[in-house]
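S.K.: missing the sequence, but the structure's below:
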């Protein structure tokens, strides 16, 4: 009986202890409190600050170029970013060039994978978040900072880039990560915070320049067919700055050079593949070859699948997003063709002439006026 | 060797050959049957909440008996349900189990453990490993929203898992260990003791597996990668401890209190090389806890009597937490909120999480209270009435707009079983539901059973009502699955779902043969499903983080009401005692589904497939049992299960399959002795069927090919012993049971 009783007590003890498991043990590992979140943020600011400081100490450069792309997880896109960084280093020999991704997922995954460089060697790829990197550039007190948007149109993503630079000039960081305000003021006074615009920023200058470059590059294709570019575009709800119009403007500009060029998008209303088809037919191109090109900074999922994807076809709903441009034009009596380099369609950053337009944008970058202390006037009063 | 799936003639021939071989080889002698798989004595409770012999159950009930479970030696609940019935289809996913019953998924299936709802889901999938396969006494399945007792939201049906109990005086201990291919371990321990009016039961279980990979092929970066490290089933480990106390202060009162704690980790591959598909920066972690208390008060009669009026009260609390356990630095895009963020307060920001840290994704809590009574009334009436209150709370700081959401539902129900004539039973139920957001609803259920000798004819009609869950309304999150990325969005404009379930059943239950055919039609209105929507529907603020300029494609999906859906099926069950020691059970299900969705862009109704639906599914087991002496008994079972093509909206259809399995059991020791032992050995998927379809296309079945398993159990029983017979003539074996 005694044994049974001790059994009982043991069982009771286990039962009473069970709920304790839920509350003890791993609280320090949990990132749930504001304090813990701030701690992690500050730690990341510090880490980025150190990286940039080391780069600056090593190179001795006084200027910094921060490139901001959405990012990718595709190896061919990483190679395109590599080329872009190299081209920038050549164009800005006195500057440290930093590449950043605004997509968290892309940064997270790129840093874990083993990726291949141009020669097929396995390399580690760490990309950084632009806001931490910009903070670090400020902490390293570069004399002049160029922030270059690698977006195609001045739309939704571009607006986020603008916001991050504004935040920087306003010292808009958690208290323990504040930058030296005198330094920010100096950037303002010396007009040393420069903003490089997206590829198709200026309808008067950029759009014709890009049209000229593309029409020259693909002139031979117009000899035996039409050429259709696929841009991304923003859905109507997020058509920030009404930037979608650039695609229409680009098509107009291209058609001035040669009516065989068309520009459509994935997400811009009234400029989907069916709209492109309609314009082609209206122009009298009812069959023959259609060369498909991506009008995106790099060729990733959209270029490979939405544009060039082969094999699957939704008969019931031809205009479905699931049907690629390739299949869509094929089923409409055309002969689509996707020119590739190393089996991949090309992104705009891989086209030297286009890349050069971005570099020119950086060189002609404008001073970001009135950003300093524009957001937190009350802090200024203090 | 791969058996050609669903060639009906092939299947029949194979089965016939197997049966014949057994007959010849074993040369059955006239010894006493070892396993009395006497379905005539089987008692069920789920359909009505009152105990009935299976053959007399007014609501059509399918049972997986203790004998079937013992012979099958299942690895998990999924394994058991797919191997011993033909009604279920599973795809074991990252998060839990994608389960289907009659074409409908997890959220329509109510899983009960001893009559109580399991709690918590991740992405709509339940984690069925909270149930140890070794702890299952038997399983009862009631299809459709036929029971007023458990909620009208069980539109596909109810699975009631009845767990093992020990209620006799003295001490009982059991240790059971099952080990198999892929380092698959299923450990189960139970210690029970009953002294005087006091009882205690402690259970521990552990489940783990290294997981496996069927293919290294994956379509990613617009090519077929052949060295993907993504697994078909990920490595996981989970354990649970549960304690229950019972106390009977006076004769007519039984009280209980119990609690449990559960933890599970799912590890994703860490050696991946392709950022676009097989690298992960966090593992998944789950934590469950529960506490409940209640009692039962008998208003008349004495112990042992089968018809006693009683009242019962149950109050329980359940918690299900879901965490990311970070394995490498991971930026999480979150809305900073709090004065401490200073100038960054209110900013959507990329906050790093470091290896070793964890972050709560969702915390689901539920409090339920149920008061019910069963009254045996004059004129052959049995009335079951109850009131239920349920409060659901969801805390998900990064996955809901305001950080949390909640829902309250109250219900009243009554169900009357009326033996109108000797040969006619009518059961009518009514459930009145009041939901905080969706108002009131009355759902009736009606079933009739005609008895004619060994034949039973049953007709059933029931209405279902399911208000959108807190998650369907408010939850939104990014779901990364290999190379596919989805942004799933809750929808506050959802309407409740309703259903009408009709069924007709003919059953024959004789001494040696039982056979039943059931046809059903389930019509659902406003069925809720995740459907593809334009990316513009992703909420403002989070857009920039997920919409790239062409590099990665995020598919936005939103919970929407489909206009209507219907599932239609025929289930056939057969059990034949061929000889005293040899029996055959078989099940076949036919299913057809149709669903419509309004396409606002095109202003028309489109027909859509209900994902995972297969027209034909089947299972069969041939069981032989023999006592070689009074200290050694052996059982052998040969089982098969299969399915025709499973259909999906995206990413291809799942291949048909047929899988064979052998399990042997060896019992040592005399019945009634202090110690008894059991050894099990089996081979699953004998012909090594493996679906090597490349990711991310759907698999018909995710089995890894042939696996072996070995199990050892030891039971210690000290005290008063009596032969447990789960039938109507003996008192119920515990107060867990409804009656």
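M.R.: Happy to help now that I have it. Just so it is clear, the structure is predicted and the values come from calculations on it, not from any experiment.
S.K.: CA atoms for contacts and neighbours, from now on please.
M.R.: OK.
S.K.: Mind listing what's buried along stretch A:229-239?
M.R.: A:229-235, A:238-239 (16 or more other Cα atoms under 10 Å in any protein chain shown).
S.K.: Figure out the length between the terminal residues of it.
M.R.: Taking Cα to Cα, to the nearest Å, stretch A:229-239 runs 20 Å from one end to the other.
S.K.: Per the annotation, how does chain A divide into domains?
M.R.: A:35-197+A:365-381, A:206-350 (automatic domain parsing).
S.K.: Near chain B, list only the ones from the buried residues of stretch A:229-239.
M.R.: Applying Cα under 8 Å from any Cα of the partner chain to these, one finds that A:232, A:235, A:238 fall near chain B.
S.K.: Out of those residues, list just those in strands.
M.R.: Among those, no residue falls in strands (DSSP state E).
S.K.: which among these gets closest to residue B:66?
M.R.: residue A:235 (57.5 Å; Cα to Cα).
S.K.: how far away is the residue nearest the centre of chain A from chain B?
M.R.: The residue lying closest to the centre of chain A (Cα atoms, centre = their mean) is residue A:70, at 1.4 Å. To chain B, residue A:70 is 6 Å away according to Cα to the nearest Cα, to the nearest Å.
S.K.: Up against chain B, what does the stretch 201-350 of chain A have?
M.R.: Residues of the stretch 201-350 of chain A lying near chain B (Cα under 8 Å from any Cα): A:232, A:235-238, A:296-305, A:309.
S.K.: And the longest helix seen in chain A, how far out from the chain middle?
M.R.: Longest helix in chain A by number of residues (criterion: DSSP state H): helix A:34-59. On the basis of Cα atoms, centre = their mean, to the nearest Å, helix A:34-59 sits 22 Å off its chain's mean C-alpha point.
S.K.: So which residues make contact with the helix or strand just after that helix?
M.R.: Downstream of helix A:34-59, the next assigned helix or strand under DSSP states H and E is strand A:63-69. For strand A:63-69, the surrounding residues in contact (Cα atoms under 8 Å, 6 or more residues apart in numbering or on different chains) are A:94-102, A:130, A:133-134, A:137, A:142-151, A:161.
S.K.: Now intersect these with the strands, please.
M.R.: Short answer: the contacts of strand A:63-69 in strands (DSSP E) are A:95-101, A:144-149.
S.K.: quick one on the thing from earlier: could you save the ones next to chain B among the buried residues of stretch A:229-239 as a markdown table and add columns showing distance to residue B:564 and pLDDT?
M.R.: A markdown table is the format used below for those (distance: Cα to Cα, whole Å; pLDDT from 0 to 100):
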| residue | distance to residue B:564 | pLDDT |
| --- | --- | --- |
| A:232 | 35 | 90 |
| A:235 | 29 | 81 |
| A:238 | 32 | 71 |
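S.K.: tell me which of the residues you listed is nearest to residue B:500?
M.R.: Nearest member of these to residue B:500, counting by Cα to Cα, is residue A:235, at 39.5 Å.
S.K.: Where does pLDDT dip in the stretch 551-700 of chain B?
M.R.: B:551-553, B:600-603 (pLDDT under 70).
S.K.: again, only this time at 80
M.R.: Where the stretch 551-700 of chain B drops to pLDDT under 80, the residues are B:551-555, B:563, B:597-606, B:608-609, B:649-650, B:671-672.
S.K.: So which bits of whichever strand in chain B runs longest are buried?
M.R.: Longest strand of chain B, by residue count under DSSP E: strand B:358-377. By neighbour count on 16+ other Cα under 10 Å, the buried set for strand B:358-377 is B:358-376.
S.K.: Next up, the contacts around the closest residue to residue B:459 other than its chain neighbours.
M.R.: Leaving out its chain neighbours, the residue that sits closest to residue B:459 by Cα to Cα, 6 or more residues apart in numbering or on different chains is residue B:504, at 4.6 Å. Contacts here follow Cα under 8 Å, 6+ apart; on that basis residue B:504 touches B:457-460, B:518-520.
S.K.: Now render these as CSV, adding pLDDT, secondary structure and distance to residue A:270.
M.R.: Formatted as CSV, the contacts of residue B:504 follow (pLDDT from 0 to 100; DSSP: H, G, I helix; E, B strand; the rest coil; distance: Cα to Cα, whole Å):
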residue, pLDDT, secondary structure, distance to residue A:270
B:457, 96, strand, 60
B:458, 95, strand, 57
B:459, 95, strand, 54
B:460, 93, strand, 52
B:518, 95, strand, 52
B:519, 96, strand, 49
B:520, 95, strand, 46
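S.K.: Report all helices and strands that the longest helix of chain A contacts.
M.R.: Packing partners of helix A:34-59 (3 or more Cα pairs under 8 Å, 6 or more residues apart in numbering or on different chains; DSSP states H and E): strand A:95-101, helix A:130-139, strand B:348-353.
S.K.: Quick check: buried residues in that helix?
M.R.: Neighbour-count burial for helix A:34-59 [16+ other Cα under 10 Å]: A:37-42, A:44-46, A:48-50, A:52-53, A:55-56.
S.K.: Pull up the distance across stretch B:107-120, start to finish.
M.R.: 11 Å.
S.K.: near chain A, anything from it?
M.R.: No: figure legend: stretch B:107-120 not in contact with chain A (Cα under 8 Å from any Cα); closest approach 15.9 Å.
S.K.: In a helix, residue B:595, correct?
M.R.: No: per DSSP: H, G, I helix; E, B strand; the rest coil, residue B:595 lies outside any helix segment and is strand.
S.K.: and it, bridged to which residues?
M.R.: Beta bridges link residue B:595 to residue B:565, residue B:608 when assigned by DSSP bridges.
S.K.: if I look at it, how far off is residue A:318?
M.R.: Relative to residue A:318, and taking Cα to Cα, residue B:595 is found at 21 Å.
S.K.: Compare the two and say which is more crowded by neighbours.
M.R.: The neighbour comparison of residue B:595 against residue A:318 (other Cα atoms under 10 Å in any protein chain shown) goes to residue B:595, with 20 against 16.
S.K.: isn't there a strand covering residue B:300?
M.R.: No: the assignment for residue B:300, made by three-state DSSP, is coil rather than a strand.
S.K.: does it really touch residue B:309, like I thought?
M.R.: Yes: here residue B:300 reaches residue B:309: they are 6.0 Å apart, a contact under Cα atoms under 8 Å.
S.K.: Compute the inter-axis angle for the longest helix of chain A and helix A:130-139.
M.R.: For helix A:34-59 against helix A:130-139, the angle by axes from the mean of the first three to the mean of the last three Cα atoms, to 10 degrees is 60 degrees.
S.K.: Against chain A, how distant is residue B:672?
M.R.: Relative to chain A, residue B:672 is positioned 20 Å away (Cα to the nearest Cα).
S.K.: mind checking pLDDT for the residue nearest to the spatial centre of chain B?
M.R.: Geometric centre of chain B, nearest residue: residue B:111, 5.2 Å, by Cα atoms, centre = their mean. Residue B:111 is assigned a pLDDT of 92 by the prediction.
S.K.: Helix, strand, or coil at residue A:322?
M.R.: Under three-state DSSP, residue A:322 comes out as coil.
S.K.: still on that earlier bit, tell me the bridge partners for the residue nearest to residue B:459.
M.R.: Beta-bridge pairing of residue B:504 under DSSP bridges involves residue B:459, residue B:519.
S.K.: can you tell me which residues contact the residue nearest to residue A:334 when sequence neighbours are not counted?
M.R.: Among residues not flanking residue A:334 along the chain, residue A:287 sits closest, at 4.6 Å (Cα to Cα, 6+ apart). Residues near residue A:287 by Cα under 8 Å, 6+ apart: A:333-335.
S.K.: where's residue A:287 relative to chain B, distance?
M.R.: Taking Cα to the nearest Cα, one finds residue A:287 at 27 Å from chain B.
S.K.: Model confidence for that residue, exactly?
M.R.: 94.
S.K.: Please identify the helix or strand for residue 110.
M.R.: Chain wasn't specified; assuming chain A. helix A:104-112.
S.K.: not quite, I wanted chain B
M.R.: Per DSSP H and E: strand B:109-113 holds residue B:110.
S.K.: What mean pLDDT does whichever helix or strand comes after that strand get?
M.R.: Sequence-wise, the next helix or strand downstream of strand B:109-113 (DSSP H and E) is strand B:116-117. Average pLDDT, strand B:116-117: 88.
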